[in-house]
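Trainee: Kindly generate the corresponding structure for this input.
(chains A and B, ligands or ions: 2)
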Protein chains: 2
Amino acid sequence: MSPERFRRINEMLDKRQTDLTVAMENVHKHHNLSAVVRSADAVGVHEMHACWISQDKRRVAGGTALGSQNWVKTHHYSDVEAMIRRLREQNMQVVVTHLSDESVDFRELDYTRPTAILLGQEKYGVTEKALAMADQHVKIPMVGMVQSLNVSVAAAVMLYEAQRQREQAGRYDTAQISAEERHRVLFEGGHP
Amino acid sequence: MSPERFRRINEMLDKRQTDLTVAMENVHKHHNLSAVVRSADAVGVHEMHACWISQDKRRVAGGTALGSQNWVKTHHYSDVEAMIRRLREQNMQVVVTHLSDESVDFRELDYTRPTAILLGQEKYGVTEKALAMADQHVKIPMVGMVQSLNVSVAAAVMLYEAQRQREQAGRYDTAQISAEERHRVLFEGGHP
Ligand SMILES: C[S@@+](CC[C@H](N)C(=O)[O-])C[C@H]1O[C@@H](n2cnc3c(N)ncnc32)[C@H](O)[C@@H]1O
Ligand SMILES: C[S@@+](CC[C@H](N)C(=O)[O-])C[C@H]1O[C@@H](n2cnc3c(N)ncnc32)[C@H](O)[C@@H]1O
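Mentor: Ligands and ions are numbered 1, 2, ... in the order given. Now for the predicted structure:
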């Protein structure tokens, strides 16, 4: 590895937000998955989570993710319960995006807390199970004729609100990642 | 038209931000165009602008735009100069998204002013001509390994910053749209 690249990866790792993550429930279109990973990488998410109904979608497309999938590791689950259980073990608040009148405006939440943003399937949204297990239901306000945003767009709007709050709170100023994880990424050159 | 639908469209029109728009320079992938229109509709953009190098891309895909293209009219141009001239005639500040060190953080701008957000092509970004004619160059901060966001994601992050500022400034509380335009939309059922 060139010294320049070594420095670049170290700088990236200094900004990683190990207590901010995205969890995708049955999101399946490649261009959406790719765009989500790309945005997650951009705000410093280090690991993501994904569950799928079928077993054959266990990868994030290379194309539009532009290699970001090598830098944001994705954990896979076969059901949403297992995924949310894992997030809880990490003391994450599980914030489920859902377009209902009971959901609160997404900007009302504190994303400097350990947070997992859960996104739903392109057509059907999140499942009842995810809603039941959530700590919070949030929505992004919309004043037009269409009912919902594209899922990768919703992910990015949420992630950049988290970025805004964390920036203000100085959370990008001190490295959070463990020495072991830094070593692993530097010497394996990313997530396999 | 049912009274319910009439009321719904009127409510949407009350929130339209006639002095906020999106201009797309050679953005050509259907899923991106669709996602941009959907986000624009969601924050109350009433009309958009687009120019293409070739002439054969003059439509926004129906699929993932979910009908929003019927509610956000798009003006088409064959070159970016004509597009920006038109925006200037409407006294818009032209904000060009561009990933360079000279660009300012997108949150530093005042989007309560009449504003056009100009987005660039998926692979090559905005042209030199657009950069030269711009009032502002802005970028969305990124701390990961990947250099750029998906274009529809960048559009949405910018638009929701505009929405946040305009919400705070009470710009969604008073209708802006002209009586003529309201009448036209109500009786034509959207943009043809
Ligand atoms: C296209 S939407 C699903 C629409 C589905 N008909 C529903 O009502 O949930 C796909 C996903 O995008 C996210 N999403 C889209 N628009 C959103 C909004 N305004 N607020 C919060 N999340 C949103 C959610 O994660 C949602 O599950
Ligand atoms: C994939 S990018 C183009 C990348 C191109 N290589 C470049 O350097 O401009 C496509 C468009 O998305 C928008 N975009 C992507 N990431 C952005 C960011 N971080 N800040 C501002 N705009 C961005 C811009 O409109 C850009 O023209």
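Trainee: just checking, A:Met158 touches A:Thr97?
Mentor: Yes: in terms of C-beta atoms under 8 Å, A:Met158 counts as a neighbour of A:Thr97; the distance is 6.8 Å. Bear in mind the C-beta positions are built from the backbone N, C-alpha and C, glycine included.
Trainee: shared neighbours of these two, anything?
Mentor: Shared contacts of A:Met158 and A:Thr97 (C-beta atoms under 8 Å, 6 or more residues apart in numbering or on different chains): A:Phe106, A:Ile117, A:Val138, A:Ile140.
Trainee: Just give me the closest of those residues to A:Ala35.
Mentor: The closest of the shared contacts of A:Met158 and A:Thr97 to A:Ala35 turns out to be A:Ile117 (C-beta to C-beta; 14.4 Å).
Trainee: What does that closest one show for phi and psi?
Mentor: Backbone geometry at A:Ile117, expressed as degrees, to the nearest 10, gives phi -100, psi 120.
Trainee: Over to the one 4 residues further on?
Mentor: Backbone torsions for A:Gln121, taken as degrees, to the nearest 10, come to phi -60, psi 150.
Trainee: A:Val138 too?
Mentor: According to degrees, to the nearest 10, A:Val138 has phi -130, psi 160.
Trainee: For it, give me its contacts.
Mentor: A:Val95, A:Val96, A:Thr97, A:His98, A:Ser103, A:Val104, A:Asp105, A:Phe106, A:Glu108, A:Leu109, A:Met158.
Trainee: How much space separates it from A:Leu20?
Mentor: As judged by C-beta to C-beta, to the nearest Å, A:Val138 and A:Leu20 stand 15 Å apart.
Trainee: How about A:Glu181?
Mentor: According to C-beta to C-beta, A:Glu181 stands 15 Å off from A:Leu20.
Trainee: Show me which of the two is the more surrounded one.
Mentor: Neighbour totals were compared for A:Glu181 and A:Leu20, and A:Leu20 leads with 26 against 16 (other C-beta atoms under 10 Å in any protein chain shown).
Trainee: check contacts around that one.
Mentor: Contact analysis of A:Leu20 by C-beta under 8 Å, 6+ apart lists A:Val43, A:Gly44, A:Val45, A:Tyr111, A:Pro114, A:Thr115, A:Leu159, A:Ala162, A:Arg166.
Trainee: Can I get these in TSV including neighbour count and pLDDT?
Mentor: Below are the contacts of A:Leu20 laid out as TSV (neighbours: other C-beta atoms under 10 Å in any protein chain shown; pLDDT from 0 to 100):
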residue	neighbour count	pLDDT
A:Val43	26	98
A:Gly44	26	98
A:Val45	27	98
A:Tyr111	24	98
A:Pro114	15	98
A:Thr115	24	98
A:Leu159	24	98
A:Ala162	25	98
A:Arg166	21	98
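Trainee: Out of those, which is nearest to B:Glu11?
Mentor: A:Leu159 (29.3 Å).
Trainee: Wait, A:Lys73 touches A:His46, no?
Mentor: Yes: using C-beta under 8 Å, A:Lys73 makes contact with A:His46 at a distance of 7.3 Å.
Trainee: Mind checking which of those two has more residues around it?
Mentor: A:His46 (24 against 16).
Trainee: coming back round to it: CSV please, covering the shared contacts of A:Met158 and A:Thr97 and showing distance to ligand 2 and pLDDT.
Mentor: What follows is the shared contacts of A:Met158 and A:Thr97, written out as CSV (distance: C-beta to the nearest ligand atom, whole Å; pLDDT from 0 to 100):
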residue, distance to ligand 2, pLDDT
A:Phe106, 20, 98
A:Ile117, 19, 98
A:Val138, 24, 98
A:Ile140, 19, 98
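Trainee: Closest one to chain B out of the residues you listed, please.
Mentor: Comparing the shared contacts of A:Met158 and A:Thr97 against chain B with C-beta to the nearest C-beta places A:Ile140 closest, at 7.2 Å.
Trainee: buried residues in stretch A:143-155?
Mentor: A:Val143, A:Gly144, A:Met145, A:Val146, A:Ser148, A:Leu149, A:Asn150, A:Val151, A:Ser152, A:Val153, A:Ala154, A:Ala155 (16 or more other C-beta atoms under 10 Å in any protein chain shown).
Trainee: Correction: the previous question concerned stretch A:7-15.
Mentor: Judged by neighbour count using 16+ other C-beta under 10 Å, the buried positions of stretch A:7-15 are A:Ile9, A:Met12, A:Leu13, A:Asp14, A:Lys15.
Trainee: same question, stretch A:158-175
Mentor: By neighbour count with 16+ other C-beta under 10 Å, stretch A:158-175 contains the buried residues A:Met158, A:Leu159, A:Tyr160, A:Glu161, A:Ala162, A:Gln163, A:Arg164, A:Gln165, A:Arg166, A:Glu167, A:Arg171, A:Tyr172.
Trainee: closest to ligand 2 among those residues?
Mentor: A:Tyr160 (10.2 Å; C-beta to the nearest ligand atom).
Trainee: secondary structure class for the closest one?
Mentor: When classified by DSSP: H, G, I helix; E, B strand; the rest coil, A:Tyr160 comes out as helix.
Trainee: who does the residue most central in space within chain A bridge with?
Mentor: Computing the C-alpha centroid of chain A and ranking residues by C-alpha atoms, centre = their mean puts A:Val22 first, at 2.0 Å. For A:Val22, the beta-bridge partners under DSSP bridges are A:Ile117.
Trainee: Now do the same for it: its pLDDT.
Mentor: For A:Val22, the pLDDT comes out at 98.
Trainee: now do A:Lys57
Mentor: Looking at A:Lys57, its pLDDT is 49.
Trainee: so what's A:Ser100 up against?
Mentor: Per C-beta under 8 Å, 6+ apart, neighbours of A:Ser100: A:His137, A:Lys139.
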